[in-house]
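Undergrad: quick one, what's the 3D model for this:
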Amino acid sequence: MTAVKVHDLFAHREDLSREEFFAYWRSAHAGLATTFKQIKHYTQAHRSGDQDLVPGFAETWPDGCAETWYDDASEVDAMVAEPRFAAELMEDEKNFMNLENPRPLLVSELSLLDENGFDPEDRGIKVLIFAARPGGTSREEFLAAWTSDDDAALGHELGATRQALYTPVTTGGVLIQTDLEDGSHQEGGGSYDAVREVWWKDRAGLEAATAEDNEPWRRLLRKDALDTSRSITLIARENVVLP
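TA: Model prediction:
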């Protein structure tokens, strides 16, 4: 796996159904994205079903998350600096994204990867937890409180097939700017401080694991370490574009 990952959250254009949004994203837009040589691996997390299995967080607003991997952070900056990044890739976003929504962007590195029977050909379903730290807490303090050496073992107790934790890196300022219809600009910002992804074979496994009275799940979530009013979860299925 390459060294740096970008999570890019967005919602569907309001005049499109989610099905139309997913169809365009997985075909035309994915084909355009793969022409950028800096992207070494690319998956799409497509919002799936009821999003209320993990209560107590801010409303799940995105319909998907683009997940792209790079050799290092400088490759992200290099891609954004290419003229056709704005002229072609971001211009194409107008065809299927709601560009008036906030555009959180997190550039991070892998801090934990644990696999427990994960099948890359039948990836099942996953929860992405986009964690925001409380005000007055440094990122270092937050990560110390929200992560533990017990995380892999807790995932096994929950029947998870895979767990990954991503923590931010400093890139020198990756910027995504979108031209809105009113002529104004919107910039991507790192409004989250870490991302945890947890996979199960099927939705039944996910539902059993995320029951609110399930002690291992509460211990993995560690809500007391989060600003839950700004943290969100996304239940999704994956479309692999570049393995």
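
Undergrad: where exactly do the helices run in this protein?
TA: Using DSSP state H, the helices of the chain run over 18-24, 30-33, 73-81, 83-84, 91-93, 139-146, 151-157, 203-209, 215-221.

Undergrad: now render those helices as JSON lines, adding mean neighbour count, mean pLDDT and distance to H7.
TA: C-beta coordinates here come from the backbone N, C-alpha and C atoms, glycine included. Shown next, in JSON lines, are those (neighbours: other C-beta atoms under 10 Å; pLDDT from 0 to 100; distance: least, C-beta to C-beta, whole Å):
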{"stretch": "helix 18-24", "mean neighbour count": "16", "mean pLDDT": "98", "distance to H7": "18"}
{"stretch": "helix 30-33", "mean neighbour count": "16", "mean pLDDT": "98", "distance to H7": "15"}
{"stretch": "helix 73-81", "mean neighbour count": "17", "mean pLDDT": "92", "distance to H7": "12"}
{"stretch": "helix 83-84", "mean neighbour count": "10", "mean pLDDT": "96", "distance to H7": "23"}
{"stretch": "helix 91-93", "mean neighbour count": "16", "mean pLDDT": "96", "distance to H7": "16"}
{"stretch": "helix 139-146", "mean neighbour count": "16", "mean pLDDT": "95", "distance to H7": "16"}
{"stretch": "helix 151-157", "mean neighbour count": "18", "mean pLDDT": "98", "distance to H7": "18"}
{"stretch": "helix 203-209", "mean neighbour count": "16", "mean pLDDT": "97", "distance to H7": "20"}
{"stretch": "helix 215-221", "mean neighbour count": "18", "mean pLDDT": "97", "distance to H7": "18"}
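
Undergrad: so can I have JSON lines of those showing distance to A164?
TA: Rendered in JSON lines, the data for the helices of the chain read as follows (distance: least, C-beta to C-beta, whole Å):
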{"stretch": "helix 18-24", "distance to A164": "23"}
{"stretch": "helix 30-33", "distance to A164": "21"}
{"stretch": "helix 73-81", "distance to A164": "18"}
{"stretch": "helix 83-84", "distance to A164": "31"}
{"stretch": "helix 91-93", "distance to A164": "26"}
{"stretch": "helix 139-146", "distance to A164": "14"}
{"stretch": "helix 151-157", "distance to A164": "10"}
{"stretch": "helix 203-209", "distance to A164": "16"}
{"stretch": "helix 215-221", "distance to A164": "13"}
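
Undergrad: distance of W69 from Q51?
TA: Going from W69 to Q51 by C-beta to C-beta, to the nearest Å gives 26 Å.

Undergrad: for A30, same thing?
TA: Here A30 is placed at a distance of 23 Å from Q51 (C-beta to C-beta).

Undergrad: and what of R84?
TA: In terms of C-beta to C-beta, R84 sits 35 Å off from Q51.

Undergrad: lowest-confidence helix or strand of this protein?
TA: Here the helix or strand of the chain ranked lowest by mean pLDDT, DSSP states H and E is strand 185-187, holding a mean of 43.

Undergrad: which residues touch P243?
TA: 41, 120 (C-beta atoms under 8 Å, 6 or more residues apart in numbering).

Undergrad: what distance do you get for it to S48?
TA: For P243, the distance to S48 equals 21 Å [C-beta to C-beta].

Undergrad: next: P120.
TA: For P120, the distance to S48 equals 18 Å [C-beta to C-beta].

Undergrad: higher neighbour count, these two?
TA: Between P120 and S48, S48 has the larger neighbour count (other C-beta atoms under 10 Å), namely 17 against 10.

Undergrad: and the closest residue to the more buried one other than its chain neighbours, what is it in contact with?
TA: Spatial nearest neighbour of S48, excluding adjacent residues (C-beta to C-beta, 6 or more residues apart in numbering): R237 at 4.7 Å. Applying C-beta under 8 Å, 6+ apart to R237 gives the contacts 45-46, 48, 123-126.
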